[in-house]
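sequence first, predicted coordinates after that:
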Amino acid sequence: MRSPVDFVAADCAPATRERPNLDPDTAAAVCCRVGLSGAPIEWGYLVHHVRSVADGVEMRVRLWLGGKHTAPRGVADRLSAEQHQQLEVMRQGPPGGAHAMLVHCCQEMMHLATFLPDLYREYKTLES
C-alpha cells in the first residue's frame, strides 16, 4: 500500500497540539497528512519529531491513522461508491495496515541511518 503525504502546518497534527511549546532551537516537528494512493482519502497524520541530544539528534515518528483521522480529501459528495467503501475500510484500519506501516518505518529509518550520521558530522564540522 502506497500512501501519498502532504506537508501541513505543525499545529494541524495531534502531537503538536499536545506539545505546542517545542523549542525551535533544539527541536523540530515535520507534519504530514497521509493519504491513500488512487483515491481522494486522507488516512491520518504522520509527525517526524527531531530533537537535539548530546551526540547528535534523535528522531521519533508518530502516526495517527484511521478512526477520526480519516476523511475524504476535498468534498465528500464527490466520492464514488467504491471510494466510500475504501473510506470505511481505512477508518477501521485496513487488514495488515499496521504491519505494513511498521515495515515501512523500519526500512525508512535503516535507509536514513546510512547517510544522516555523515551529514551530521559534515555540517557539525562546518559550524565549528
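Sure thing, it's come through. Numbers count the residues shown, from 1 in each chain.

ok, longest strand in the protein?
Determined from DSSP state E, the single longest strand within the chain is strand 41-53.

how about residues contacting it?
Strand 41-53 has contacts (Cβ atoms under 8 Å, 6 or more residues apart in numbering) with 3, 5, 8, 12-16, 22, 26-36, 57-66, 69-73, 79, 83, 86-87, 90. Every residue, glycine included, has its C-beta placed from N, CA and C.

which of these fall within strands?
Among those, the members found in strands (DSSP E) are 5, 8, 27-36, 57-65, 71-72.

and the residues you listed, which of them are buried?
Neighbour counting with 16 or more other Cβ atoms under 10 Å marks 8, 28-36, 63-65, 71-72 as buried within the ones in strands among the contacts of strand 41-53.

what are the buried residues along the longest strand of the chain?
Those would be 41-49, for strand 41-53 by 16+ other Cβ under 10 Å.

with just CA atoms, put it into PDB.
The C-alpha coordinates for strand 41-53 follow below in PDB (Å, rounded to 0.1, in the frame of the first residue of the first chain):
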ATOM      1  CA  ILE A  41      -9.000   9.900   1.000                       C
ATOM      2  CA  GLU A  42      -6.900  11.200   4.000                       C
ATOM      3  CA  TRP A  43      -5.800   8.300   6.200                       C
ATOM      4  CA  GLY A  44      -4.300  10.200   9.100                       C
ATOM      5  CA  TYR A  45      -1.300  12.200  10.300                       C
ATOM      6  CA  LEU A  46       2.500  11.500  10.400                       C
ATOM      7  CA  VAL A  47       4.900  13.500  12.500                       C
ATOM      8  CA  HIS A  48       8.700  13.300  12.500                       C
ATOM      9  CA  HIS A  49       9.800  14.900  15.700                       C
ATOM     10  CA  VAL A  50      13.600  15.700  15.800                       C
ATOM     11  CA  ARG A  51      15.400  17.000  18.900                       C
ATOM     12  CA  SER A  52      18.900  17.700  19.900                       C
ATOM     13  CA  VAL A  53      20.700  15.200  22.100                       C
END
